[in-house]
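[1] make a model of this:
(one chain, ligands or ions: 2)
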Amino acid sequence: MSKILQSVKGMPDILPPEAEHWETIEAVIACCLKSYGYKPIRMPIVEPTPLFKRAIGEVTDIVEKEMYSFEDSLNGEPLTLRPEGTAGCARAVIQHGLANQTTQRLYYMGQMFRHERPQKGRYRQFHQVGVEAFGFNGPDVDAEQILMIARLWDDLGLDDIHLQINSLGEAEERARHRDDLIAYLEKFQDILDDDAKRRLYTNPLRILDTKNPALQEMCLGAPKLLDYLGENSRAHFAGVQQILRDVGIPFTINPRLVRGLDYYNLTVFEWVTKQLGAQGTVCAGGRYDGLVEQLGGKPTPACGFAMGVERLVALLEASGGLPQPASPDVYIAHQGDSARCPAFQIAENLRATGMDVLLHCGGGSFKSQMKKADASGAPFAVIIGDDEAATGDVQLKHLRDEAFGQQRIKAEHIADIITDYLVETFNPETEKEN
Ligand code: ATP
Ligand code: MG
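    Ligands and ions are numbered 1, 2, ... in the order given. All right, here's what the predicted structure looks like:
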């Protein structure tokens, strides 16, 4: 027998019922983002490799070692599976002139690919919800995005996620800080790990974000970028904080908070939970005012964030907040040639009233069909044999309420009887608990 093929390492399947949870979560997210005026956009999963090199930066983890890049076998064009969505979104905005003389609030959801060491909360194919606003200068849109995320945690029933913010200032402020930071880090050459040594002269800021506990104490004493900010950067940061205070969103200023991508400036933020171990950042983002121009567009301020969907799902699972998988409203069991046609018609009629209906397929005895009806979780079964089919009747059985039992009724009354039953037994208290 040939070996069974497996999915690529770090690129897991998402199976039922988990995939159903994903759909529910994605629907809650889309609803929340739309209520703030964000519109969906869909970009390709494959982009020209130079896009990411230019947008993310040559000396970042992503571009140096995490990208799935290949050449188009027909014309040799260098292509890359997108490792994140902001670059592609900015490319699309520029290419189609979406931010010319106007502002844009956009969001997308989908797969991202990074060649990382797979572990809990870290995969090679993972999913992000990305949100980007183009054309807004002030701190208000940064604060509004943070506020929107806070509402989203509420909508999802999550409460153990904490907001950290920082400001990365502007390029010239970072350059002055960088010199002092390198001088400080050079004093610790003997304890720097390989990653930190590699980054010392290329991307020293990123050392502050080290996941290595042995370096974290040393980082506490490093020069703080916040002390190098000019007046405008300080005012912008103060503006974000003021709005957060005004609307009552608690936050911590984390001076060591940086981002792994080069394009950020001014506001950066992360939402972090302790419930997921080392991979605790559920959502990360900030301002990237230079990116559009850097990619050849007109200067356009921008601000956005990305949320890791796997981490969100894991967090919901840990907090017991995953939605219940949906059950059908009705299971239709039928046996005999004359019952087949009414079974199909009744199923369609009930679906037209908005009910979810599972029509038994594959034959078998009524006994085995009723076992499946029970296992489906449906409250009602409609049973049709030759006898019922001959008179236009069905047996309507409540599978969980003995008081209702089983009743022989006219097929055209099924929907009304089920609706009446639901109205009679509706209990707002249990509804609230669910
Ligand atoms: P980290 O420091 O954890 O590697 P990052 O700075 O690379 O994070 P971003 O590029 O800002 O992460 O991505 C935004 C979010 O996407 C992260 O906060 C996380 O929730 C999620 N994410 C990033 N990489 C992965 C991955 N390999 N697997 C699963 N989720 C991921
Ligand atoms: Mg990373």
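[2] tell me the spacing between Ile94 and ligand 1.
    Separation of Ile94 from ligand 1 (C-beta to the nearest ligand atom, to the nearest Å) stands at 21 Å. Yep, even glycine has a C-beta here, placed from its N, CA and C like the rest.
[3] and that residue, what pLDDT?
    According to the prediction, Ile94 has pLDDT 98.
[4] secondary structure element holding it?
    Secondary structure from DSSP states H and E places Ile94 in helix 86-95.
[5] and what of Arg351?
    helix 337-352.
[6] so what strands line up beside the next helix or strand after that helix?
    Using DSSP H and E, the helix or strand that follows helix 337-352 in sequence is strand 357-359. Neighbouring strands of strand 357-359 in its sheet, by DSSP bridges, are strand 330-334 (parallel).
[7] neighbouring contacts of the partner strand?
    340, 342-343, 346-347, 350, 355-360, 366, 369-370, 372-373, 376, 378, 380-385, 399, 414, 418 (C-beta atoms under 8 Å, 6 or more residues apart in numbering).
[8] sorry, back to before: what's the helix holding Ile94 packed up against?
    Secondary-structure packing of helix 86-95 (3 or more C-beta pairs under 8 Å, 6 or more residues apart in numbering; DSSP states H and E): strand 46-48, helix 49-56, strand 104-113, strand 125-134, helix 291-294, strand 302-308.
[9] give me the residue from this structure nearest ligand 1.
    Closest residue of the chain to ligand 1, C-beta to the nearest ligand atom: Gly308 (2.3 Å).
[10] contact partners for that residue?
    121, 126-128, 281-283.
[11] picking that back up, tell me what angle the helix holding Arg351 forms with strand 330-334.
    170 degrees (axes from the mean of the first three to the mean of the last three C-alpha atoms, to 10 degrees).
[12] got the contact list for helix 337-352?
    Against helix 337-352 from outside (C-beta under 8 Å, 6+ apart): 329-330, 332, 334, 357, 359-360, 382, 384-386, 388-390, 392, 394, 411, 414-415.
[13] Asp386 contacts Gly336, doesn't it?
    Yes: with contact defined as C-beta atoms under 8 Å, Asp386 reaches Gly336; the gap is 4.2 Å.
[14] so between these two, which is more surrounded?
    Gly336 (15 against 12; other C-beta atoms under 10 Å).
[15] now stretch 377-386: mean pLDDT?
    Computed over stretch 377-386, the average pLDDT equals 97.
[16] ok, the residue nearest to the spatial centre of the chain - contacts?
    By C-alpha atoms, centre = their mean, the chain has its centre lying nearest to Val309, at 3.4 Å. Applying C-beta under 8 Å, 6+ apart, we find Val309 in contact with 22, 25-26, 109, 126-129.
[17] can you give the domain ranges for the protein?
    Per automatic domain parsing, the structural domains of the chain span 18-169+229-318, 330-420.
[18] indicate which one of those is closest to Arg176.
    With C-beta to C-beta as the measure, domain 18-169+229-318 is the member of these nearest Arg176 (9.3 Å).
[19] close to ligand 1: what parts of the stretch 51-200 of the chain are there?
    84, 114, 116, 121-123, 126, 128 (C-beta under 6 Å from any ligand atom).
[20] pLDDT weak spots in the stretch 151-300 of the chain?
    260 (pLDDT under 70).
[21] strands of that one, residue ranges please.
    162-167, 252-253, 265-272, 281-287 (DSSP state E, counting those that start in this stretch).
[22] same list (those) but as CSV, adding mean neighbour count.
    As requested, the strands of the stretch 151-300 of the chain are arranged in CSV below (neighbours: other C-beta atoms under 10 Å):
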stretch, mean neighbour count
strand 162-167, 21
strand 252-253, 12
strand 265-272, 24
strand 281-287, 24
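[23] now the ones you listed in a markdown table, with distance to Ala175?
    Shown next, in a markdown table, are the strands of the stretch 151-300 of the chain (distance: least, C-beta to C-beta, whole Å):
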| stretch | distance to Ala175 |
| --- | --- |
| strand 162-167 | 15 |
| strand 252-253 | 22 |
| strand 265-272 | 12 |
| strand 281-287 | 18 |
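[24] for Phe188, find the nearest of those strands.
    Nearest of the strands of the stretch 151-300 of the chain (C-beta to C-beta): strand 162-167, 21.8 Å.
[25] send me that closest one as CSV with only the CA atoms.
    Extracted in CSV, the C-alpha atoms of strand 162-167 (Å, rounded to 0.1, in the frame of the first residue of the first chain):
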residue,chain,number,x,y,z
HIS,A,162,-4.0,43.6,27.9
LEU,A,163,-3.0,46.6,25.8
GLN,A,164,0.6,47.8,25.6
ILE,A,165,1.5,50.9,23.6
ASN,A,166,4.7,52.7,22.6
SER,A,167,5.9,55.3,20.1
